[in-house]
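Undergrad: Show me how the following folds:
(one chain, ligands or ions: 1)
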Amino acid sequence: MNPICAALDVKDPAAAERLASRLAGHVGLFKVGLELFLAHGRASVDAIRKFGLPIFLDLKLHDIPQTVERAARGVAELGVDYLTVHASGGSEMIRAARRALPRTKLLAVTALTSLGPDDLDAVGLARDAVPRLARLAVAAGADGVVCAPQEVSALRASLGPGLLLVVPGIRPAGAAPGDQRRTGTPAEAIRAGASILVIGRPLRDASDPAAAADAIAREIAG
Ligand code: C5P
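TA: This is a model prediction of the structure:
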(Lines give C-alpha, C1' and ligand atoms only; values in the text may rest on other atoms or scores of the structure.)
Protein backbone atom coordinates (compact mmCIF):
# COMPACT_ATOMS: atom_id res chain seq x y z
CA MET A 1 0.00 0.00 0.00
CA ASN A 2 1.13 3.57 -0.72
CA PRO A 3 1.85 4.97 2.78
CA ILE A 4 1.18 8.61 1.83
CA CYS A 5 -1.95 10.05 3.43
CA ALA A 6 -2.84 13.40 1.85
CA ALA A 7 -4.31 15.86 4.34
CA LEU A 8 -7.07 17.65 2.43
CA ASP A 9 -6.78 20.85 4.44
CA VAL A 10 -8.95 23.04 2.21
CA LYS A 11 -12.01 25.18 2.77
CA ASP A 12 -14.90 23.29 1.21
CA PRO A 13 -15.93 19.94 -0.30
CA ALA A 14 -15.49 21.17 -3.88
CA ALA A 15 -11.88 22.12 -3.17
CA ALA A 16 -11.35 18.77 -1.43
CA GLU A 17 -12.72 16.93 -4.45
CA ARG A 18 -10.47 18.93 -6.80
CA LEU A 19 -7.34 18.21 -4.74
CA ALA A 20 -8.34 14.55 -4.29
CA SER A 21 -8.86 14.12 -8.03
CA ARG A 22 -5.32 15.39 -8.67
CA LEU A 23 -3.86 13.07 -6.01
CA ALA A 24 -5.89 9.86 -6.57
CA GLY A 25 -3.52 7.21 -7.92
CA HIS A 26 -0.53 8.98 -6.30
CA VAL A 27 -1.36 8.59 -2.58
CA GLY A 28 -2.78 5.78 -0.44
CA LEU A 29 -5.33 7.58 1.77
CA PHE A 30 -7.17 10.86 2.15
CA LYS A 31 -7.49 12.75 5.43
CA VAL A 32 -10.35 15.09 6.29
CA GLY A 33 -9.52 17.38 9.19
CA LEU A 34 -11.12 20.01 11.37
CA GLU A 35 -11.10 22.85 8.82
CA LEU A 36 -13.23 20.94 6.35
CA PHE A 37 -15.32 18.84 8.70
CA LEU A 38 -16.41 21.56 11.12
CA ALA A 39 -17.64 23.73 8.29
CA HIS A 40 -19.22 21.07 6.08
CA GLY A 41 -19.63 17.83 8.07
CA ARG A 42 -20.66 14.76 6.16
CA ALA A 43 -20.49 16.50 2.75
CA SER A 44 -16.72 16.76 3.13
CA VAL A 45 -16.43 12.98 3.47
CA ASP A 46 -18.99 12.23 0.76
CA ALA A 47 -17.15 14.49 -1.72
CA ILE A 48 -14.09 12.23 -1.77
CA ARG A 49 -15.67 8.81 -1.36
CA LYS A 50 -15.85 8.18 -5.13
CA PHE A 51 -12.05 7.91 -5.36
CA GLY A 52 -12.24 4.62 -3.46
CA LEU A 53 -9.33 5.32 -1.09
CA PRO A 54 -9.52 4.82 2.68
CA ILE A 55 -10.77 7.95 4.48
CA PHE A 56 -9.10 9.17 7.65
CA LEU A 57 -11.24 11.53 9.74
CA ASP A 58 -8.90 13.55 11.94
CA LEU A 59 -11.20 14.94 14.63
CA LYS A 60 -8.77 14.40 17.56
CA LEU A 61 -11.61 13.80 20.00
CA HIS A 62 -10.80 14.73 23.60
CA ASP A 63 -13.68 14.84 26.11
CA ILE A 64 -15.27 12.79 28.86
CA PRO A 65 -15.87 9.14 27.92
CA GLN A 66 -19.65 9.42 27.54
CA THR A 67 -19.37 12.41 25.20
CA VAL A 68 -16.69 10.72 23.11
CA GLU A 69 -18.69 7.49 22.90
CA ARG A 70 -21.80 9.31 21.70
CA ALA A 71 -19.81 11.45 19.24
CA ALA A 72 -18.05 8.35 17.92
CA ARG A 73 -21.43 6.69 17.29
CA GLY A 74 -22.15 9.58 14.92
CA VAL A 75 -18.80 9.01 13.24
CA ALA A 76 -19.69 5.31 12.77
CA GLU A 77 -22.54 6.39 10.49
CA LEU A 78 -20.12 8.26 8.21
CA GLY A 79 -18.37 5.05 7.19
CA VAL A 80 -14.82 6.34 7.55
CA ASP A 81 -11.84 4.02 7.91
CA TYR A 82 -9.70 5.84 10.51
CA LEU A 83 -10.52 8.23 13.39
CA THR A 84 -8.20 10.08 15.78
CA VAL A 85 -8.70 10.71 19.49
CA HIS A 86 -6.23 12.29 21.94
CA ALA A 87 -4.43 9.64 24.01
CA SER A 88 -4.31 12.13 26.91
CA GLY A 89 -8.09 11.75 27.20
CA GLY A 90 -7.21 8.59 29.11
CA SER A 91 -7.91 4.85 28.96
CA GLU A 92 -11.63 5.04 29.66
CA MET A 93 -12.16 7.62 26.91
CA ILE A 94 -10.29 5.47 24.38
CA ARG A 95 -12.26 2.38 25.42
CA ALA A 96 -15.48 4.38 24.94
CA ALA A 97 -14.46 5.34 21.38
CA ARG A 98 -13.50 1.72 20.70
CA ARG A 99 -16.95 0.50 21.83
CA ALA A 100 -18.68 2.92 19.48
CA LEU A 101 -16.42 2.11 16.52
CA PRO A 102 -15.60 -1.59 16.51
CA ARG A 103 -14.62 -1.61 12.82
CA THR A 104 -12.90 1.76 12.38
CA LYS A 105 -9.13 2.01 12.91
CA LEU A 106 -8.75 4.05 16.05
CA LEU A 107 -5.60 6.18 16.26
CA ALA A 108 -4.48 7.95 19.44
CA VAL A 109 -2.55 11.22 19.13
CA THR A 110 0.35 11.24 21.59
CA ALA A 111 1.87 14.76 21.50
CA LEU A 112 1.16 17.17 18.62
CA THR A 113 4.07 17.51 16.19
CA SER A 114 3.69 21.31 16.41
CA LEU A 115 5.03 21.16 20.00
CA GLY A 116 8.80 21.54 20.33
CA PRO A 117 10.74 20.60 23.49
CA ASP A 118 9.96 23.91 25.25
CA ASP A 119 6.26 23.67 24.38
CA LEU A 120 6.10 20.10 25.72
CA ASP A 121 7.56 21.38 29.01
CA ALA A 122 5.15 24.32 29.05
CA VAL A 123 2.05 22.15 28.68
CA GLY A 124 3.35 19.72 31.30
CA LEU A 125 4.22 16.82 29.00
CA ALA A 126 7.24 15.04 30.45
CA ARG A 127 10.08 13.69 28.30
CA ASP A 128 8.60 10.19 28.37
CA ALA A 129 5.05 11.36 27.58
CA VAL A 130 4.96 9.94 24.04
CA PRO A 131 5.89 6.32 24.89
CA ARG A 132 3.70 6.45 28.00
CA LEU A 133 0.64 7.72 26.10
CA ALA A 134 1.28 5.21 23.32
CA ARG A 135 1.33 2.27 25.77
CA LEU A 136 -1.83 3.52 27.46
CA ALA A 137 -3.64 3.88 24.12
CA VAL A 138 -2.68 0.42 22.90
CA ALA A 139 -3.73 -1.15 26.21
CA ALA A 140 -7.10 0.61 25.89
CA GLY A 141 -7.72 -0.82 22.41
CA ALA A 142 -6.33 1.73 19.93
CA ASP A 143 -5.10 0.25 16.63
CA GLY A 144 -2.28 2.73 16.43
CA VAL A 145 -0.81 6.02 17.53
CA VAL A 146 0.10 9.33 15.93
CA CYS A 147 3.66 10.44 16.72
CA ALA A 148 6.55 12.51 15.38
CA PRO A 149 9.15 11.09 12.96
CA GLN A 150 11.91 10.90 15.60
CA GLU A 151 9.69 8.84 17.95
CA VAL A 152 8.87 6.11 15.44
CA SER A 153 11.79 3.73 15.87
CA ALA A 154 11.53 3.48 19.67
CA LEU A 155 7.75 2.97 19.51
CA ARG A 156 8.09 0.36 16.77
CA ALA A 157 10.70 -1.49 18.84
CA SER A 158 8.70 -1.39 22.06
CA LEU A 159 5.17 -1.90 20.72
CA GLY A 160 5.82 -4.39 17.93
CA PRO A 161 5.16 -4.81 14.20
CA GLY A 162 1.35 -4.90 14.35
CA LEU A 163 0.85 -1.36 15.61
CA LEU A 164 -0.11 1.41 13.16
CA LEU A 165 2.37 4.28 13.50
CA VAL A 166 0.93 7.34 11.78
CA VAL A 167 3.38 10.19 11.34
CA PRO A 168 2.68 13.87 10.57
CA GLY A 169 5.33 16.59 10.65
CA ILE A 170 6.67 15.17 7.39
CA ARG A 171 8.77 17.55 5.33
CA PRO A 172 10.72 16.54 2.22
CA ALA A 173 14.25 18.04 2.34
CA GLY A 174 14.06 21.79 1.82
CA ALA A 175 10.29 22.12 2.49
CA ALA A 176 9.13 24.86 4.88
CA PRO A 177 8.23 23.54 8.36
CA GLY A 178 5.40 26.06 8.87
CA ASP A 179 4.01 25.53 12.39
CA GLN A 180 5.46 22.01 12.72
CA ARG A 181 8.33 21.58 15.21
CA ARG A 182 9.12 17.85 15.49
CA THR A 183 9.66 17.12 11.79
CA GLY A 184 11.45 14.54 9.62
CA THR A 185 11.75 13.53 5.99
CA PRO A 186 9.52 10.88 4.40
CA ALA A 187 12.43 8.46 3.95
CA GLU A 188 13.58 8.84 7.57
CA ALA A 189 10.09 8.14 8.90
CA ILE A 190 9.58 5.06 6.71
CA ARG A 191 13.05 3.68 7.49
CA ALA A 192 12.26 4.06 11.20
CA GLY A 193 9.10 1.96 10.81
CA ALA A 194 6.24 4.36 10.08
CA SER A 195 3.06 2.81 8.63
CA ILE A 196 1.43 5.99 7.27
CA LEU A 197 2.85 9.45 6.53
CA VAL A 198 0.40 12.35 6.89
CA ILE A 199 1.36 15.09 4.45
CA GLY A 200 -0.56 18.33 4.02
CA ARG A 201 1.05 21.55 2.82
CA PRO A 202 3.89 19.94 0.81
CA LEU A 203 1.15 18.42 -1.43
CA ARG A 204 -1.67 20.97 -1.13
CA ASP A 205 0.56 23.95 -1.89
CA ALA A 206 2.60 22.31 -4.68
CA SER A 207 1.99 23.60 -8.20
CA ASP A 208 1.66 19.93 -9.25
CA PRO A 209 0.44 17.90 -6.23
CA ALA A 210 0.62 14.56 -8.08
CA ALA A 211 4.24 15.18 -9.08
CA ALA A 212 5.05 16.17 -5.47
CA ALA A 213 3.47 12.92 -4.21
CA ASP A 214 5.38 10.88 -6.80
CA ALA A 215 8.64 12.55 -5.78
CA ILE A 216 7.96 11.64 -2.14
CA ALA A 217 7.14 8.04 -3.14
CA ARG A 218 10.45 7.86 -5.06
CA GLU A 219 12.33 9.28 -2.08
CA ILE A 220 10.78 6.60 0.14
CA ALA A 221 11.57 3.81 -2.34
CA GLY A 222 15.16 5.01 -2.76
O1 C5P B 1 0.65 20.64 6.31
P2 C5P B 1 1.14 19.54 7.20
O3 C5P B 1 1.91 18.47 6.45
O4 C5P B 1 1.92 20.06 8.40
O5 C5P B 1 -0.19 18.87 7.73
C6 C5P B 1 -0.20 17.93 8.76
C7 C5P B 1 -1.59 17.43 8.95
O8 C5P B 1 -1.57 16.44 9.97
C9 C5P B 1 -2.59 18.48 9.40
O10 C5P B 1 -3.85 18.16 8.80
C11 C5P B 1 -2.67 18.30 10.90
O12 C5P B 1 -3.94 18.63 11.40
C13 C5P B 1 -2.40 16.81 11.05
N14 C5P B 1 -1.79 16.38 12.31
C15 C5P B 1 -0.63 16.89 12.81
N16 C5P B 1 -0.13 16.47 14.02
C17 C5P B 1 -0.77 15.53 14.71
C18 C5P B 1 -1.94 14.98 14.20
C19 C5P B 1 -2.44 15.42 12.98
O20 C5P B 1 0.01 17.73 12.16
N21 C5P B 1 -0.27 15.10 15.85
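
Undergrad: contact partners of the lowest-mean-pLDDT helix or strand in the chain?
TA: Every helix and strand in the chain was compared by mean pLDDT, DSSP states H and E; the lowest is helix 117-122, with a mean of 94. Helix 117-122 is contacted by residues Ala111, Ala126, Arg127, Ala129, Arg181 when judged by C-beta atoms under 8 Å, 6 or more residues apart in numbering. In this view, the C-beta of every residue, glycine as well, is placed from N, C-alpha and C.

Undergrad: which residue packs closest to whichever residue of the chain sits closest to the ligand, ignoring adjacent ones?
TA: Nearest residue of the chain to the ligand (C-beta to the nearest ligand atom) works out as Gly200 at 2.6 Å. Distance criterion C-beta to C-beta, 6 or more residues apart in numbering; nearest residue to Gly200, sequence neighbours excluded, is Ala7 at 3.5 Å.

Undergrad: can you check Val75 too?
TA: Using C-beta to C-beta, 6+ apart and skipping the chain neighbours, the partner closest in space to Val75 is Leu83 (5.6 Å).

Undergrad: A strand includes the one you found, no?
TA: Yes: judged by DSSP: H, G, I helix; E, B strand; the rest coil, Leu83 forms part of a strand.

Undergrad: That one: neighbour count?
TA: Leu83 has 25 neighbouring residues, counting by other C-beta atoms under 10 Å.

Undergrad: Residues in a beta bridge with it, which ones?
TA: Leu57, Leu106 (DSSP bridges).

Undergrad: So it versus Ala39, what's the distance?
TA: Computed as C-beta to C-beta, to the nearest Å, the Leu83 to Ala39 distance reads 18 Å.

Undergrad: Likewise for Asp121?
TA: 34 Å.

Undergrad: before we move on, what about Val85?
TA: For Val85 relative to Ala39 (C-beta to C-beta), the value is 21 Å.

Undergrad: Could you show which parts of this structure are in contact with the ligand?
TA: For the chain, the contact set with the ligand under C-beta under 6 Å from any ligand atom comprises 7, 9, 33, 58, 109, 112-113, 146, 168, 178, 180, 198-201.

Undergrad: Please give me every residue in contact with Leu61.
TA: Leu61 touches Val68, Ala71, Ala72, Leu83, Thr84, Val85, His86, Gly89, Met93, Ala97, counting by C-beta under 8 Å, 6+ apart.

Undergrad: Cheers, nothing more for now.
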